[in-house]
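# with the sequence up front, the predicted model follows.
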Amino acid sequence: MGTSRPGTNQSQVVIGDHSSDPRKLEVDRQTFWVSKSQNEVAEWFCARNHHHGLHYPCFSVTFNKNGSPFECPGPFTSDSNGYAVSDKIVVPPSAKIYEYVVQAHGKDDLDPGGGVKG
């Protein structure tokens, strides 16, 4: 897993169950930022109230709306611990937000975003 507590870096996103709608997901950060100069990757952590191995994968992340900042657009799928990581950044830093889709069994899709900084 990541080198720090999940969700403490701008490149980390924690995925959880929506607080008032059981059909929805929520994220702790609507927009993540990864640093190209520091060769960062995006990391997603599941904090949902469920058993990660029950419906494998727990979640997937796909950049299919307006491009991907990563070599592969996904899907990046969670491992048996509810953790997923992107591959390397292939775009220059900019203000562009790349929309992505988080999908999980029995939940509505969620569409947050991410960007690349210097």
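Received, thanks. Numbers count the residues shown, from 1 in each chain.
# low-confidence regions, this protein specifically.
Within the chain, the ranges that satisfy pLDDT under 70 run 1-5, 7.
# repeat that for 90
Flagging of the chain using pLDDT under 90 yields the residue ranges 1-8, 49-56.
# who does the residue minimising distance to the centre of it bridge with?
Nearest to the geometric centre of the chain sits Trp44, at 4.2 Å (C-alpha atoms, centre = their mean). Beta-bridge pairing for Trp44 (DSSP bridges): Val13, Ala84.
# show me the contacts for it.
Gln12, Val13, Val14, Ile15, Phe59, Val61, Phe76, Ser78, Tyr83, Ala84, Val85, Val102 (C-beta atoms under 8 Å, 6 or more residues apart in numbering). Bear in mind the C-beta positions are built from the backbone N, C-alpha and C, glycine included.
# can you check Gly67 too?
With C-beta under 8 Å, 6+ apart as the criterion, the residues that contact Gly67 are Pro73, Val91, Tyr98.
# element containing the residue located most distally from the centre of the chain, please.
Largest separation from the mean C-alpha position in the chain: Ser20, at 21.3 Å (C-alpha atoms, centre = their mean). Taking DSSP states H and E as the definition, one finds Ser20 inside no helix or strand.
# thank you, goodbye.
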